[in-house]
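Trainee: Predicted model, plus sequence, below.
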Amino acid sequence: MDQRDPQPPTQTRVWPGSAYPLGATYDGTGTNFALFSEVAHRVELCLFDEAGTETRVDLTERDAFVWHGYLPHIGPGQRYGYRVHGPYEPENGHRCNPSKLLLDPYAKAVDGDIDWAQACFSYTWGEEDSFNDEDSAPHMSKSVVISPYFDWDNDRHPRTPYNDTVIYEAHVKGLTKTHPAIPEDMRGTYAAVAHPVMIEHYKKHGITAIELMPVHQFVHDSHLADRGQRNYWGYNTIGFFAPHNDYAAARTPGQQVQEFKAMVKALHAEGLEVILDVVYNHTAEGNQLGPTLSFRGIDNANYYRLVDEDKKHYYDTTGTGNTLLMRSPNVLQLIMDSLRYWVTEMHVDGFRFDLASSLARQFHEVDRLSAFFDLVHQDPVVSQVKLIAEPWDIGHDGYNVGGFPPLWTEWNGKYRDTVRDYWRGEPATLAEFASRLTGSADLYEDDGRRPYASINFVTAHDGFTMHDLVSYNEKHNDANGEGGNDGESHNSSWNCGVEGETDDLEVVALREQQKRNFLTTLFLSQGVPMLLHGDELGRTQQGNNNVYAQDNELAWIDWERAKDFEVLSDFTARLSRLRHEHPVFRRRRHFQGRVVKGTEIQDIGWFTPAGDWMSDDDWDSGFAKSVTVFLNGDGIREPDLRGERIVDDSFFLLFNGHFEPIEFTLPDLGAGERWEVAIDTAAPMLDDAESRSVKTGEPIEVDARSVLVLQRVF
């Protein structure tokens with residue numbers, strides 16, 4: 001089917017303009033518009049005034065399949081969209097439909113929401129093979145021309161080294177929506193993320209980087225809207241250049257860009273980096289039954305992976321209905337242009353790539369040599385920021401922890417699983433626990449990556465919070481309205497004896513101790529610790545491990561409730577300070593297990609509670625749950641930034657994962673005679689530790705399910 005609607009008359013002046021850059025570019029006197037579509041035979045630019053009246057302008061210039069034109073006197077705040085005329089042949093992969101207003105893939109801002117009317121779809125509901133020509137413009141969001149000008153003053157990227165980095169995974173809205181010290185009209189916005197009270201909170205806990213869950217313009221899925229819910233997490237992108245409009249305190253179209261920049265500038269001024277969780281693997285248009293919002297109506301076959309033998313259907317490795325076509329030069333250009341834009345124009349410091357294995361599927365397999373990796377590695381801008389992969393997708397062989405190339409770091413899912421299993425008492429986890437604690441050399445060392453290639457985490461947005469991890473054995477997702485069929489069923493959690501909230505003081509005490517065990521392990525492991533927002537404040541989702549649609553108090557941080565968890569907050573801050581003050585916990589190179597020159601002491605040592613070196617039999621013992629780790633402060637081989645040798649205090653870490661107290665004896669290594677308690681997860685307050693110290697060769701009791709950290713005194 002080929003649609004050739006006549007052009008409505010217009011008095012708007014159009015100059016030829018330029019095919020580059022793509023998108024709407026304001027230069028101070030007018031705006032250049034450029035849109036790629038190989039399949040189109042006509043493209044209309046649609047301008048909307050404040051009353052919603054539409055004016056259509058033909059873009060008659062075309063170079064290298066880019067349709068373009070320059071409109072003088074069109075400036076910031078102008079709302080616009082496109083109508084693309086071309087073939088509607090789903091069986092051949094083409095879905096052009098000029099009755100559908102389309103968002104600009106390069107739009108820097110988006111105004112309004114999509115209301116999911118029938119007009120947003122190119123077929124009539126219930127008749128998949130039909131063609132629907134209702135005008136979608138009254139029901140669609142609009143792209144917005146923005147001003148590119150902003151006073152960055154002396155803003156600079158903090159460029160915190162990976163090994164000094166502490167990441168805080170946060171949701172723009174959920175982080176501050178209930179904070180009483182933030183003005184009510186500012187809560188839940190970009191401005192609130194950089195409010196002084198929040199900056200104070202980050203710095204108290206030693207945070208160096210805020211990793212924001214998706215802020216690219218996203219869509220609230222139609223099935224959620226039908227249930228009265230919203231896409232809270234935001235993994236449903238429709239605009240890869242536009243900051244999500246609902247997170248802006250400013251409501252003027254386009255002002256979300258200025259507010260986002262102001263947030264970044266304020267955080268940078270305090271030495272805090274901004275990392276974005278980005279979703280370049282799919283879009284919000286779904287499968288063949290999804291709406292026509294942008295890419296589908298512009299050039300479906302160029303943007304999406306289609307089933308080779310049936311181009312009506314989409315090849316999906318993301319579980320969302322579609323996957324972007326990673327062997328298309330135009331998709332690769334879109335992604336690289338987006339990444340560069342967020343670094344150069346928005347000043348962000350890095351990216352966490354959602355379902356990154358999908359980005360590596362140039363054909364079918366996950367390929368370290370794919371074009372996407374080539375482009376990233378060669379790019380002088382993108383290659384210099386933090387690049388973090390979520391190293392899996394749902395496709396064949398999609399789990400690739402440890403499989404990404406040098407330059408990349410990874411969310412270490414094996415770290416999460418192993419640490420959870422160790423502290424809940426699963427058998428045969430001690431050897432792998434030791435590997436995860438020391439930087440997962442088994443995953444990263446072979447290809448030259450350092451310990452900081454491992455982004456260590458115990459909890460993340462997807463799953464239980466830390467409070468719920470120690471309070472629930474089963475997910476409780478009734479609020480999602482999906483009959484409990486959503487969310488992971490295998491959480492490696494342990495409720496400490498009672499399911500859900502309880503007044504049993506012994507259970508409550510054990511849960512708090514388990515949280516401290518998780519946090520101590522996280523902050524003192526080699527690699528980069530990532531803390532889920534609110535875990536330091538006892539945040540609960542009441543056992544819901546999939547709050548993707550819960551844009552409400554269930555998912556937001558409850559800052560009033562957080563007052564009951566000041567001990568946990570202070571303990572987390574103390575752990576972070578200990579890590580910051582002692583480079584032995586944040587080495588840039590893997591342990592070698594070698595004797596340090598001039599001594600007989602290795603850089604790391606592993607001992608039984610009795611003080612004997614761990615044997616193969618000790619490691620292979622499935623029931624073993626306790627170990628002493630010696631970290632030699634004189635055994636740090638890498639120099640500091642000025643080339644000087646790094647020397648630190650030495651530490652013993654005494655892990656007791658057993659359900660009863662165990663008597664430990666410190667081995668006499670000649671590394672020190674007296675050791676002072678720095679951290680005791682069984683006694684969280686500093687005063688509780690009572691400046692305890694122990695000599696080598698003396699017994700010291702370590703409480704059940706606890707960690708004791710001992711620092712050399714002399």
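Mentor: Everything's here; your move.
Trainee: From here on, just use CA atoms for contacts and neighbour counts.
Mentor: Noted.
Trainee: mind checking which helix or strand of this structure has the lowest mean pLDDT?
Mentor: Across the helices and strands of the chain, mean pLDDT, DSSP states H and E gives its lowest value to helix 686-689, namely a mean of 52.
Trainee: From C496, how far off is the residue lying closest to T165 once chain neighbours are set aside?
Mentor: Distance criterion CA to CA, 6 or more residues apart in numbering; nearest residue to T165, sequence neighbours excluded, is T208 at 5.6 Å. The gap separating T208 from C496 is 33 Å, by CA to CA, to the nearest Å.
Trainee: Of those two, which one has the most company?
Mentor: Comparing T208 with C496 by other CA atoms under 10 Å, the one with more neighbours is T208, at 24 against 20.
Trainee: contacting residues for the more buried one?
Mentor: For T208, the contact set (CA atoms under 8 Å, 6 or more residues apart in numbering) comprises 160, 165-168, 202, 271-273.
Trainee: now, which of these lie within strands?
Mentor: Assigned to strands by DSSP state E, the following of the contacts of T208 qualify: 167-168, 273.
Trainee: about what we covered before: identify, from the contacts of T208, the entry nearest to N544.
Mentor: Comparing these against N544 with CA to CA places Y168 closest, at 20.7 Å.
Trainee: That closest one: neighbour count?
Mentor: Per other CA under 10 Å, the neighbour tally for Y168 reads 24.
Trainee: Could you pull up the residues touching it?
Mentor: Residues counted as contacts of Y168 (CA under 8 Å, 6+ apart) are 207-211, 530-533.
Trainee: Go again with 10 Å.
Mentor: 202, 205-212, 274-275, 460, 529-534 (CA atoms under 10 Å, 6 or more residues apart in numbering).
Trainee: From N546, how far off is it?
Mentor: 19 Å.
Trainee: Please apply the same query to W423.
Mentor: 23 Å.
Trainee: Could you check which of these two is surrounded by more residues?
Mentor: Shown here are W423 and N546; by other CA under 10 Å, W423 has more neighbours (26 against 22).
Trainee: Need the pLDDT of the nearest residue to that one once chain neighbours are set aside.
Mentor: Nearest residue to W423, sequence neighbours excluded (CA to CA, 6+ apart): G657, at 5.9 Å. With respect to pLDDT, G657 has a value of 97.
Trainee: burial count for G657?
Mentor: G657 has 24 neighbours, counted by other CA under 10 Å.
Trainee: That one and T681 touch, don't they?
Mentor: No - proximity of G657 to T681 does not meet the contact threshold set by CA atoms under 10 Å, at 11.9 Å.
Trainee: so who does the nearest residue to S626 once chain neighbours are set aside touch?
Mentor: Distances taken as CA to CA, 6+ apart put N656 closest to S626, at 4.5 Å, once the chain neighbours are dropped. Residues in contact with N656 (CA under 10 Å, 6+ apart) are 422-423, 517, 609, 624-628, 662-664, 701-708.
Trainee: In PyMOL, how would I select the buried members of those?
Mentor: Buried subset of the contacts of N656, written as a PyMOL selection, criterion 16 or more other CA atoms under 10 Å:
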select buried, resi 422+423+517+609+624+625+626+627+628+662+664+702+703+704+705+706+707+708
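Trainee: Restricted to helices, list the contacts of N656.
Mentor: Within the contacts of N656, residues falling in helices by DSSP state H are 422-423, 517.
Trainee: What is the nearest of the residues you listed to H347?
Mentor: N517 (36.2 Å).
Trainee: Got the phi and psi for the residue nearest to S626?
Mentor: phi -120, psi 100 (degrees, to the nearest 10).
Trainee: secondary structure class for the residue sitting nearest the centre point of the chain?
Mentor: Nearest residue to the geometric centre of the chain (CA atoms, centre = their mean): D277, 3.7 Å. Look at D277: counting by DSSP: H, G, I helix; E, B strand; the rest coil, its state is strand.
Trainee: Confirm for me that it is in contact with Y235.
Mentor: Yes - the criterion here is CA under 10 Å, and D277 meets it with Y235 at 9.1 Å.
Trainee: Quickly list what's touching both of these two.
Mentor: Contact criterion CA under 10 Å, 6+ apart; residues shared by D277 and Y235: 213-216, 354.
Trainee: any weak-confidence spans in the chain?
Mentor: 1-11, 362-369, 597-598, 686-690 (pLDDT under 70).
Trainee: If we use 50, what do you get?
Mentor: Residues of the chain that meet the criterion pLDDT under 50 lie in 3-10, 688-689.
Trainee: re earlier: for the ones in strands among the contacts of T208, give me a markdown table that also has distance to D153.
Mentor: Shown next, in a markdown table, are the ones in strands among the contacts of T208 (distance: CA to CA, whole Å):
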| residue | distance to D153 |
| --- | --- |
| I167 | 26 |
| Y168 | 26 |
| E273 | 17 |
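Trainee: Quickly name whichever of those residues is closest to V14.
Mentor: Lowest distance from V14 to these (CA to CA) belongs to E273, with 41.9 Å.
Trainee: Am I right that the closest one is in contact with I199?
Mentor: No - look at E273 against I199 with CA under 10 Å: they stay out of range, at 11.7 Å.
Trainee: what's the overlap in contacts for the two?
Mentor: With CA under 10 Å, 6+ apart, E273 and I199 have common neighbours 207, 267.
Trainee: neighbours of A428, just the number please.
Mentor: Quick note: A428 (other CA under 10 Å) scores 17 neighbours.
Trainee: er, E211 I mean
Mentor: Counted with other CA under 10 Å, E211 comes out at 25.
Trainee: do T12 as well
Mentor: Counted by other CA under 10 Å, the residues lying close to T12 total 12.
Trainee: hmm, back to that, pick out the most distant pair among the contacts of T208.
Mentor: T160 and Y202 (15.0 Å).
Trainee: More neighbours: the two, which one.
Mentor: Neighbour count, other CA under 10 Å: between T160 and Y202, Y202 has more, with 20 against 16.
Trainee: how close does that one get to P196?
Mentor: Distance, Y202 to P196, by CA to CA: 10 Å.
Trainee: shared neighbours of the two, anything?
Mentor: Contacts common to Y202 and P196, judged by CA under 10 Å, 6+ apart, are E270.
Trainee: tell me the phi and psi of the closest residue to T189 other than its chain neighbours?
Mentor: Computed as CA to CA, 6+ apart, the closest residue to T189 that is not its neighbour in sequence is Y247, at 4.5 Å. As for Y247, its main-chain torsions (degrees, to the nearest 10) stand at phi -90, psi 10.
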